[in-house]
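> Got a sequence here, can you model it:
(one chain, ligands or ions: 2)
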Amino acid sequence: MKGPFPEVQGGGSLILAWQVRNKRVLVVGGGEVAAGRILNVLNADAKVTVVSPREGLNDEVAYRVEQNQVDYVDRKFEPSDLNGVDMVLTAVDDPEASTQIYKLCKERRIAANIADVPPECDFYFGSVHRDGPLQIMVSTNGNGPKLANIVRRQIAANLPKNIGAAITKVGTLRRKLRKVAPTQEEGPKRMQWMSKVCESWSLEELCDMDEEDMERLLGFYKPGIVPAFEEIRLGQNQPFDGAFGWCHDRQDIFRNHKLQLRYFTITIDFESLALQDADFNKIYTQNKGKIDFQDPTALQQLTKSLLKRDFDIKLELPDDRLCPPVPVRYNYVRWVQTLLDTTSDSYTDEYNPSRQVIGIDIGVGASCIYPLLACSTRPQWRIGGTEIDPKSLSSAKANIALNNFQPRIRLLQTTSSDSLIPLDELGIQHADFTMCNPPFFASKAEMDASYAGEGKRKKPSAVCTGAEIEMVCGGGDAGFVCRMMEESKGLKDRVQWFTSMLGKLSSLGVVVTRLKEAGVANWAVATLRAGNKTRRWAVAWSWGKMRPLNDVARSHEISSKELLPFPTHFSIPTPGKDTILMAATVNQTLSSLDLQWIWKESKMAGVALAEENVWSRSARRKRKKQELIKFPSEDNMDSDEEEDDSPLGVKITVLKDEVCLRWLRGNESVLFESFCGMLKRALDNSKVG
Ligand SMILES: C[C@@]1(CC(=O)O)c2cc3[nH]c(cc4nc(cc5[nH]c(cc(n2)[C@H]1CCC(=O)O)[C@@](C)(CC(=O)O)[C@@H]5CCC(=O)O)C(CC(=O)O)=C4CCC(=O)O)c(CCC(=O)O)c3CC(=O)O
Ligand SMILES: NC(=O)C1=CN([C@@H]2O[C@H](COP(=O)(O)OP(=O)(O)OC[C@H]3O[C@@H](n4cnc5c(N)ncnc54)[C@H](O)[C@@H]3O)[C@@H](O)[C@H]2O)C=CC1
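Ligands and ions are numbered 1, 2, ... in the order given. Got it, this is the predicted structure:
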């Protein structure tokens, strides 16, 4: 039998980290070598006795004696020196004495290192690099001590500078975790979570972690989540306080939504998955290190293993129901998450872990994959789901129970004639989003043709196990989403974002056209990668005023301008102009207008909230006139300001050579454009002084 076990190599030595704290170590000799030994064992908190005639002590050893760091006996070695000793290190220039000491140690079974006689050593020293709690030892097993020294220095030179500090922080976190989860039974979960933290956070992030970060991070242990460092650090609950997630450079502004997008960038490494997951390994090795995407069992195992490893989700599926491809599903969930993160009342454009979010999944399917992914990655999220197929519904319920999500995911059996978004039946007053994986095909014939590869150059790369009820609906995915859109008109104030996945780019065209016809001014489109070749699309629309980050609303991969919503980002180049002057101009310009303006000098950024166009010439004239006619009564002012209905909200960030405008809220692109134009003129005209 040839198992996957390591070969025995032999001829080495056992490298250990010997705990000699408070043990008694006898060092015989007081020369240069002894000095090194003494430092080694003192660094390990041992109690040290040195025996050597005083005239033989070198400066370092004499210093340790003088400082009382060691107990000292001023004479040559005597056998009684071995009483009560746990370890002996000799470094004398007297081979006879060395051998005598060695023999006595053997008799008394005391571990000994005889510096000048390797065959008489129970253990060798090695060349050691030390950085805080980190120790790296190099041994050449007596062959080349100087080379050990050279190798050690080379290793040390290549280590990250902050590795020792990072390890110290991880040590603190681990001890805290043991308090949060002290029991033996929790061992596997504890270890898995800890490993995930170390793998997903960079060394810099680990070093940066302070006590408060640790406490927040530990808050994610229970649901078994490891959020990105930024989410822990920046995602604090920031009510509207003028903070707005300030950022210092352009990169920061656009970086946020890329957090944790593992599957966007990284293709699945089957090799390492096989090493981490025994069940997957079985299938993987059976098929000689390949995945047979035409084999439903293999596909199902891949899905289960990925969910287990990356999300700690357990899944059971009937053989005759759709097996969800994890990456594209997660990408969709992730997109919805960034959509919400960048359209929250706090204007931070960041994930806020304490924000309570309620979502609805229309047609959860047998796997219940979206609610499971959403809840496992966002501890404060709750989902209501619908399903018309009883078999899928009961399987979905089983998966919810399997993952202990009963309190956070509630399902409702619906029929094809019910409304698609039954808020009342689900007991939901207001939902932050809906999501949906609609049946992709208009008819069984279309589905069969597609899976036979008709009209495409290649057959689909993976087998489809979906049942007809999951895959087909009149009008296909576009028809289904248009139905949702019609329903959404009656739910304008009760749902912030309506979203759906789409199987074909052409469907996206149909849906966006319908949205525009219906007067939707706030929508978003995304391309979802579903493996190397396959792509899916996602669409979202809102009747509300919060506008998502530009890159979240406008996929780079969609070239047709017709499909893209109006940009929420506008950049005014100010090449070579003084940044301080630009900031002052921005602040002056906005302060002079009749709008709410919050400026943070230290961040070189501000937020403007306007009730209407107050910057055009006609607007200024109108205002002058009103001021002449009457002063608004106090009552009047109140009712005006109470209304949280600003037609325009813009965040302005002054950077080097550029001023960035981020459209935060409002549904009139003309207004945003006009605002941008006004500021651009002000900046172009600004002069020193
Ligand atoms: C077997 C071992 C037993 C033990 O001491 O535990 C041993 C034995 C001997 N070393 C000798 C000589 C030298 N030792 C060094 C340096 C170190 N020696 C160390 C360990 C070991 N030395 C153990 C094996 C470790 C391994 O193989 O990896 C280091 C790694 C750790 C430490 O001592 O703390 C430390 C580097 C510390 C650092 O870099 O941090 C240098 C270089 C220098 O001083 O700059 C020289 C001169 C050049 C040369 O000979 O290579 C001689 C005399 C030979 C003679 O008389 O000719 C003997 C006896 C013999 O070989 O017979
Ligand atoms: N393992 C290693 O890494 C190396 C080992 N060596 C070997 O280690 C030995 C010591 O080397 P160094 O420290 O450079 O020599 P050294 O000459 O500087 O020191 C010898 C020390 O031993 C003491 N001493 C001698 N006889 C003693 C006895 N019977 N009882 C107590 N103390 C006694 C002396 O007072 C002196 O302090 C040498 O034999 C040398 O060959 C040398 C270099 C490296």
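
> For the helix or strand that Q192 is a member of, buried residues please.
Using DSSP states H and E, Q192 sits within helix 187-200. Neighbour-count burial for helix 187-200, counted by 16 or more other CB atoms under 10 Å, picks out 190, 193-194, 196-197. C-beta coordinates here come from the backbone N, C-alpha and C atoms, glycine included.

> what does it rub up against?
Contact with helix 187-200 is made by 170, 173-174, 177-178, 181, 206, 217, 221, 224, 226, 228, 312, as judged by CB atoms under 8 Å, 6 or more residues apart in numbering.

> so for that helix, what's the average pLDDT?
Averaged across helix 187-200, pLDDT comes to 93.

> Mind giving me the packing neighbours of the very next helix or strand once past that helix?
Using DSSP H and E, the helix or strand that directly follows helix 187-200 along the chain is helix 203-208. If you count contacts as 3 or more CB pairs under 8 Å, 6 or more residues apart in numbering; DSSP states H and E, helix 203-208 packs onto helix 163-180, helix 229-234.

> Which of the ones you listed sits closest to ligand 2?
For these, proximity to ligand 2 was assessed by CB to the nearest ligand atom; helix 163-180 is nearest, at 25.5 Å.

> any idea of the angle the closest one forms with helix 187-200?
Angle, helix 163-180 to helix 187-200, by axes from the mean of the first three to the mean of the last three CA atoms, to 10 degrees: 150 degrees.

> List buried residues within the contacts of helix 187-200.
Those of these that meet the buried threshold are 170, 173, 177, 181, 206, 217, 221, 224, 226, 228, 312, by 16+ other CB under 10 Å.

> which of those lies closest to ligand 2?
Ranked by distance to ligand 2 (CB to the nearest ligand atom), the buried ones among the contacts of helix 187-200 are led by V170 at 33.2 Å.

> ok now do that closest one, which residues does it touch?
Taking CB under 8 Å, 6+ apart, one finds 194, 197-198, 206 in contact with V170.

> Try it again at 10 Å.
133, 194, 197-198, 201, 203, 206-207, 209 (CB atoms under 10 Å, 6 or more residues apart in numbering).

> Over to T434?
By CB under 10 Å, 6+ apart, the contact list for T434 reads 336, 359-362, 384, 386, 420-421, 423, 484, 487-488, 491, 495-500, 540.

> how much space between it and G476?
19 Å (CB to CB, to the nearest Å).

> can you check W497 too?
W497 sits 22 Å away from G476 when distances are taken as CB to CB.

> related to what we said a few turns ago, now, which of the buried residues of helix 187-200 sits nearest ligand 1?
Taking CB to the nearest ligand atom as the measure, ligand 1 lies nearest M194 of these, at 31.7 Å.

> For the most centrally placed residue in the chain, grab phi and psi.
Among the residues of the chain, the one closest to the centroid is A228, at 3.0 Å (CA atoms, centre = their mean). Main-chain dihedrals, A228, degrees, to the nearest 10: phi -70, psi 160.

> What of F570?
phi -140, psi 130.

> again, but for the one 3 residues further on
Backbone geometry at P573, expressed as degrees, to the nearest 10, gives phi -70, psi 140.

> just checking, it touches E658?
Yes: P573 is within contact range of E658, at 5.8 Å (criterion: CB atoms under 10 Å).
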